[in-house]
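S.K.: the amino acid sequence is not available; the structure is as follows:
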């Protein structure tokens with residue numbers, strides 16, 4: 001048995017951090033991730049660096065990672081045609097796009113209704129697919145919206161259908177708000193897999209309410225084999241301190257190891273990545289296994305492993 005963990009600490013994980021990471025720092029993180037056995041990596045986003053300064057060096061980073069680590073599937077997020085053009089110049093052949101399923105969330109994030117965003121994203125997918133790029137399309141707030149509350153499964157299924165029809169090779173259900181619960185994950189995954197059995201389905205889960213790993217397990221039980229994770233639990237609300245954000249890679253690796261499921265990732269090596277992030281950010285990250293393996297308690301004093 002095997003699963004694929006897409007490492008997103010350098011992309012989704014860092015984008016809200018005020019402490020900007022230089023190219024050399026990011027390359028060192030990539031080196032450590034590669035040594036730990038990470039084989040699928042989101043290197044950043046091709047968005048306007050004026051709005052997200054953290055991703056200003058994504059073009060150079062993507063090009064270098066592709067050349068230096070050919071065994072790593074290098075991917076990045078694109079939001080529009082200009083971003084796609086930049087990604088193509090870097091030679092990327094795998095990209096992520098995201099579309100909101102909640103109209104209120106769409107208007108808050110982009111100033112445009114969800115229908116317009118869907119039209120723009122489907123055009124983007126078709127253009128990328130025509131250029132030979134494999135696109136994974138994410139459905140934002142698939143398990144609940146902070147503004148509208150529950151999101152109907154029918155709305156998610158309709159969005160997935162449009163994305164697949166446009167040429168998306170994979171679909172990612174994103175628990176953007178961390179509102180998902182295990183039964184909901186299993187049910188929605190089953191519905192999407194039944195409707196699109198040939199499409200690679202992945203999950204982007206948040207640990208905001210402490211259910212990240214439980215939801216990840218529920219997704220695995222429902223047949224998902226690709227999951228988004230971030231070293232240390234970077235991303236989401238994690239910038240506030242120890243409030244959980246994305247599911248921590250090291251915690252996911254530990255879970256699957258206990259289940260006898262192969263990830264290809266060395267837990268000790270991954271903890272070195274977490275320690276590097278904690279040193280650079282000068283704070284402890286919310287992921288658990290690095291602390292457990294190094295015997296650190298909540299107060300920072302030595303504890304039992």
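M.R.: Nice, thanks for sending it over. Nothing here was measured: the structure is a model prediction, and the numbers come from that model. Numbers count the residues shown, from 1 in each chain.
S.K.: output the below-cut-off pLDDT ranges for the stretch 201-305 of the chain.
M.R.: Residue ranges of the stretch 201-305 of the chain with pLDDT under 70: 236-244, 295-305.
S.K.: how about 90 then?
M.R.: Applying pLDDT under 90 to the stretch 201-305 of the chain flags the ranges 236-245, 291, 293-305.
S.K.: now do the strands in the stretch 101-250 of the chain.
M.R.: 134-140, 170-174, 200-204, 226-229 (DSSP state E, counting those that start in this stretch).
S.K.: can you give me the distance of the closest residue to residue 150 other than its chain neighbours to residue 97?
M.R.: With sequence-adjacent residues excluded and distances taken as CB to CB, 6 or more residues apart in numbering, residue 150 is closest to residue 144, at 5.9 Å. Bear in mind the C-beta positions are built from the backbone N, C-alpha and C, glycine included. The spacing between residue 144 and residue 97, counted by CB to CB, to the nearest Å, is 21 Å.
S.K.: looking at these two, which is more packed in?
M.R.: Taking neighbours as other CB atoms under 10 Å, residue 144 and residue 97 compare with residue 97 leading, 24 against 18.
S.K.: first-to-last residue distance for stretch 201-208?
M.R.: End-to-end distance of stretch 201-208: 22 Å, with CA to CA, to the nearest Å as the criterion.
S.K.: with stretch 233-252 instead?
M.R.: Terminal residues of stretch 233-252 lie 10 Å apart, using CA to CA.
S.K.: and what of stretch 50-69?
M.R.: One end of stretch 50-69 sits 29 Å from the other (CA to CA).
S.K.: for stretch 216-229, same thing?
M.R.: Note: stretch 216-229 ends 10 Å apart using CA to CA.
S.K.: ditto for stretch 176-184
M.R.: End-to-end span of stretch 176-184 (CA to CA): 14 Å.
S.K.: with stretch 212-228 instead?
M.R.: End residues of stretch 212-228 are separated by 11 Å (CA to CA).
S.K.: which residues sit against stretch 27-38?
M.R.: Outside stretch 27-38, the residues that touch it by CB atoms under 8 Å, 6 or more residues apart in numbering are 5, 7, 9-10, 21, 41, 43, 61, 64-65, 68-69, 72, 231, 249, 263-266, 269-270, 272-273, 276-277.
S.K.: if any of these are buried, give me the PyMOL selection for them.
M.R.: The command below creates a PyMOL selection of those among these that count as buried (16 or more other CB atoms under 10 Å):
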select buried, resi 5+7+9+10+21+41+43+61+64+65+69+72+231+249+263+265+269+270+272+273+276+277
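S.K.: filter the contacts of stretch 27-38 down to the ones in helices?
M.R.: The helices, defined by DSSP state H, take in 61, 64, 65, 68, 249, 269, 270, 272, 273, 276, 277 from these.
S.K.: which of these sits closest to residue 25?
M.R.: Closest approach to residue 25 among these (CB to CB): residue 276, at 8.7 Å.
S.K.: got the contact list for the closest one?
M.R.: Contacts of residue 276 by CB under 8 Å, 6+ apart are 28, 29, 32.
S.K.: so which of these comes closest to residue 153?
M.R.: Each of the contacts of residue 276 was scored against residue 153 by CB to CB, and residue 29 proved nearest at 37.3 Å.
S.K.: state the pLDDT value of that closest one.
M.R.: You'll see residue 29 listed with a pLDDT of 98.
S.K.: buried residues, the helix or strand that contains it. List them.
M.R.: According to DSSP states H and E, residue 29 maps onto helix 23-36. Under the neighbour-count criterion of 16+ other CB under 10 Å, helix 23-36 has 25, 26, 27, 29, 30, 32, 33, 34, 36 buried.
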